[in-house]
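Engineer: Here is my input; please provide its structure:
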Amino acid sequence: MKFLNKYTFQTPESVELEFTLAGIGSRAYALFIDYIIWGISLFFWLIAWTFIDSFIRDIFKNIVGNNKILDLWLFSLGLLMTFLIYVGYFVLFETLGQGQTPGKKRAKIRVIRDDGRPVRLPQATLRALLRPLDDFLFIGFFLIVFNKQEKRLGDWVAGTLVIQAQSPVKSQKLKISKDAKRLAKELLQEADFSRLLPEDFAVIREFLHRRNGMSLTAKNKLSIKLALEVKAILALEKLPIKKMNSMLFLEAVYLGYQQNYSSHSEP
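Structural biologist: Residues are numbered from 1 along each chain as shown. As a prediction, this is how the structure comes out:
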């Protein structure tokens, strides 16, 4: 297995993207941190459950004559809630955290779908439900090590990949117009750049790099399509994209994303 495996795919906009897969070391480190946090959460849940268990017994001890039935119900309920906490931890963070749990965020890796888009509730749920099977006898470990896409069982079923979190790459060859620089300052005030994922930025970056090699018709058509999609992502309902040069807008978003990322990365 190569030290750093690459994964390449083509977006619907015919832009080719390449990602670096996370690797077993980063994933193990992230899982270790997640299990520590999950274990602490479980500890507090078990403490809370002792009080809940006692409260339920006080209520139903005179209603349910057979204590064994009550014991069975309480045991089943406690087991179910523990499993839901286990699954819910990964589902909640991967769905709301753009594919990152606290452990993944610390390890600088994230989960995406096979098409490069963010994971949603169905994918995160499938990954979490199959995690116990992946952990059993280190099945997930061997699957990650011995396949090129470094997928565990949950990734295969959910159609996901775990990649290294990417930071925007600045390029000296890419020329940004003065008008785009002025517009970028306005966008930083009006747009929510946290909604723009690294995959979205990568599409914009690749398009701007390759636009000079496209025909005029293809370049204009694709720039308008990308501009409208980015407008929706950034929640810029009031920005008159159709009346603005779409290329100018994409250059401004490219520059604005880099500046926003840099400002949030400073200690």
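
Engineer: would you list every one of the helices in the chain?
Structural biologist: For the chain, the helices defined by DSSP state H cover 24-60, 67-96, 102-107, 121-135, 139-145, 153-158, 178-190, 198-210, 216-233, 246-265.

Engineer: So for the protein, which residue is the most central one in space?
Structural biologist: G99 (1.9 Å; C-alpha atoms, centre = their mean).

Engineer: Which residues are in contact with it?
Structural biologist: 110-112, 118-119 (C-beta atoms under 8 Å, 6 or more residues apart in numbering). (C-beta placed from N, C-alpha, C; glycine too.)

Engineer: Same check on S223?
Structural biologist: 207, 211, 246-247, 250.

Engineer: give me that answer again for 10 Å
Structural biologist: S223 sits next to 204, 207-208, 211, 214, 245-251 when contact means C-beta atoms under 10 Å, 6 or more residues apart in numbering.

Engineer: export these to a markdown table and tack on pLDDT, distance to I24 and neighbour count?
Structural biologist: Converted to a markdown table, these look like this (pLDDT from 0 to 100; distance: C-beta to C-beta, whole Å; neighbours: other C-beta atoms under 10 Å):
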| residue | pLDDT | distance to I24 | neighbour count |
| --- | --- | --- | --- |
| I204 | 87 | 31 | 24 |
| F207 | 84 | 33 | 22 |
| L208 | 86 | 34 | 20 |
| R211 | 80 | 38 | 16 |
| M214 | 75 | 39 | 15 |
| N245 | 81 | 46 | 18 |
| S246 | 85 | 42 | 21 |
| M247 | 87 | 42 | 19 |
| L248 | 87 | 44 | 17 |
| F249 | 89 | 41 | 25 |
| L250 | 90 | 37 | 23 |
| E251 | 88 | 39 | 23 |
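
Engineer: Export the residues you listed as CSV, with columns for distance to I163.
Structural biologist: Output for these, formatted as CSV (distance: C-beta to C-beta, whole Å):
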residue, distance to I163
I204, 18
F207, 20
L208, 22
R211, 25
M214, 27
N245, 33
S246, 29
M247, 29
L248, 31
F249, 27
L250, 24
E251, 26
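
Engineer: how close does R110 get to A202?
Structural biologist: Computed as C-beta to C-beta, to the nearest Å, the R110 to A202 distance reads 13 Å.

Engineer: Those two: which has the busier surroundings?
Structural biologist: Neighbour count, other C-beta atoms under 10 Å: between R110 and A202, R110 has more, with 27 against 20.

Engineer: ok, the more buried one to L126 distance?
Structural biologist: For R110 relative to L126 (C-beta to C-beta), the value is 17 Å.

Engineer: same deal with L161?
Structural biologist: From L161 to L126 the distance is 14 Å (C-beta to C-beta).

Engineer: Pull up the overlap in contacts between these two.
Structural biologist: Residues touching both L161 and L126 (C-beta under 10 Å, 6+ apart) are 119, 155.

Engineer: So for these two, which residue has more residues nearby?
Structural biologist: Between L161 and L126, counting by other C-beta under 10 Å, L161 is the more crowded of the two (23 against 20).

Engineer: Tell me what the more buried one is bridged to.
Structural biologist: In this entry, L161 is beta-bridged to I112, by DSSP bridges.

Engineer: got the contact list for it?
Structural biologist: 7, 9, 19, 21-22, 99, 110-116, 119, 149-151, 155.

Engineer: Tell me the buried residues within those residues.
Structural biologist: The neighbour-count test (16 or more other C-beta atoms under 10 Å) marks 7, 19, 21-22, 99, 110-114, 116, 119, 150-151, 155 as buried among those.

Engineer: Return the member of those nearest to L130.
Structural biologist: L130 lies nearest to D155 out of the buried ones among the contacts of L161, by C-beta to C-beta, at 8.8 Å.

Engineer: what's near enough to touch the closest one?
Structural biologist: 111, 114, 123, 126-127, 130, 134, 140, 143-144, 147, 149, 161-162.
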